[in-house]
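*Asks:* return atomic coordinates for the entry below.
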Amino acid sequence: MTMKSRIAAAIAVAAVALTAGVASAQNWQGAPTYGNVRLAAGFQPDPYNVQLVAGGPIDSRAALGAACPGFIANNPDFDLYWTAGNTGLPLVISANSNADTTLVVRTPNGEWLCEDDGGFNGMNPGLRIDNPQTGLYDIWVGTYSQGNAPAVLSISELTSN
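*Replies:* Numbers count the residues shown, from 1 in each chain. Below you'll find the predicted structure:
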């Protein structure tokens, strides 16, 4: 192997290592633990609710950065296949639990959204996505502290549930 080839290989390995950080933190392509649904703008009944157990072994701050507090599972808890429409309504993803819960959502364009305590009932998370795009939303419901807790994931177009 020539010196030029070795340098090129080292650069390629470094590039892969740098870009693998966030993507490898969660297996967004993994099978969702609590299933999936296909919803389109204007869906009924609204909200669509899923009972699940929040939490997991992964520290989402370490995996995704300081803006993503909590502990989540490796695979998504739930997958939402969304079809956008002309309703002008936002997509609202929230969780409700007696425990302090968090949300992590991977949007169709690969953006990671994180939320803690911005929901509708104290220590519950809620994300409002204006002009949501069509595609797959991978959703994790975490717990702020290590441990698991029963929770309800809600998907809505209403600004409060």
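
*Asks:* those helices in this structure, which residues are they?
*Replies:* Listed in chain order, the helices of the chain (DSSP state H) span 3-25, 60-64.

*Asks:* what's in contact with the last one?
*Replies:* Translated: helix 60-64. 22, 25-26, 68-72, 102, 104, 112, 114, 140, 142 (C-beta atoms under 8 Å, 6 or more residues apart in numbering). For glycine as for every other residue, the C-beta is placed from the backbone atoms N, C-alpha and C.

*Asks:* just the buried ones from the residues you listed?
*Replies:* Buried members of the contacts of helix 60-64, scored by 16 or more other C-beta atoms under 10 Å, are 25-26, 68-72, 102, 104, 112, 114, 140, 142.

*Asks:* in the protein, which helix or strand is least confident?
*Replies:* helix 3-25 (a mean of 38; mean pLDDT, DSSP states H and E).

*Asks:* quick check, pLDDT for W112.
*Replies:* W112 carries a pLDDT value of 96.

*Asks:* that older thread, and of the contacts of helix 60-64, the nearest to S94?
*Replies:* T102 (11.3 Å; C-beta to C-beta).

*Asks:* spit out the contact partners of that closest one.
*Replies:* Listed by C-beta under 8 Å, 6+ apart, the contact set of T102 reads 60, 68-70, 72, 95, 114-116, 125, 141-144.

*Asks:* cutoff 6 Å now
*Replies:* Contact analysis of T102 by C-beta atoms under 6 Å, 6 or more residues apart in numbering lists P69, G70, D116, P125, G142, Y144.

*Asks:* can you name the residues bridging to the third one?
*Replies:* With DSSP bridges as the criterion, the beta-bridge partners of D116 are T102.

*Asks:* same deal with the one 10 residues further on?
*Replies:* For G126, the beta-bridge partners under DSSP bridges are S94.

*Asks:* do the same with the one 10 residues further on
*Replies:* Under the criterion DSSP bridges, L136 forms beta bridges with Y81.

*Asks:* chain neighbours aside, what residue packs nearest to the residue most central in space within the chain?
*Replies:* The chain has V105 as the residue nearest its centroid, 1.9 Å off, counting by C-alpha atoms, centre = their mean. Counting by C-beta to C-beta, 6 or more residues apart in numbering, L113 is the residue found nearest to V105 once chain neighbours are left out, at 4.5 Å.
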